[in-house]
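Colleague: got a structure for you, letters missing:
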């Protein structure tokens, strides 16, 4: 399920960014799926955040606002 979601990171409705450390952060609001992937393709985490500001917080901490 996580790998399938990671492959959709460039689809409409799915937001993503690459951190300074080379990690890809992916989020889809409609499903509330969140994923982090290493630059070599290895999946680090995949879950549904419980906080409504989680994606925004991750962008502020690791990416671009």
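Modeller: Sure thing, it's come through. Predicted, not measured: the structure shown is a model, and the values here were computed from it. Residues are numbered from 1 along each chain as shown.

Colleague: while we're on residue 64, how confident is the model there?
Modeller: Here, the pLDDT recorded for residue 64 equals 68.

Colleague: give me the three-state assignment for residue 51.
Modeller: coil (DSSP: H, G, I helix; E, B strand; the rest coil).

Colleague: three-state assignment of the nearest residue to it once chain neighbours are set aside?
Modeller: Among residues not flanking residue 51 along the chain, residue 57 sits closest, at 7.3 Å (Cβ to Cβ, 6 or more residues apart in numbering). Using the backbone N, CA and C atoms, a C-beta is placed for each residue, glycine as well. Following three-state DSSP, we place residue 57 in the helix state.

Colleague: right, and residue 1 touches residue 46 too?
Modeller: Yes: using Cβ atoms under 8 Å, residue 1 is in contact with residue 46, at 7.3 Å.

Colleague: neighbour-wise, which of the two wins?
Modeller: residue 46 (16 against 8; other Cβ atoms under 10 Å).

Colleague: which residues does residue 58 contact?
Modeller: When contacts are counted by Cβ atoms under 8 Å, 6 or more residues apart in numbering, residue 58 touches 25, 27, 34.

Colleague: if you set the cut-off to 7 Å instead, what comes out?
Modeller: By Cβ atoms under 7 Å, 6 or more residues apart in numbering, residue 58 lies in contact with residue 25.

Colleague: and residue 41, by the same measure?
Modeller: For residue 41, counting by Cβ under 7 Å, 6+ apart, there are no contacting residues.

Colleague: local confidence estimate at it?
Modeller: Model confidence at residue 41, expressed as pLDDT, equals 93.

Colleague: just say helix, strand or coil for the residue most central in space within the chain.
Modeller: Closest residue to the average C-alpha location of the chain: residue 26 at 1.9 Å, with Cα atoms, centre = their mean. Three-state assignment for residue 26 (three-state DSSP): strand.
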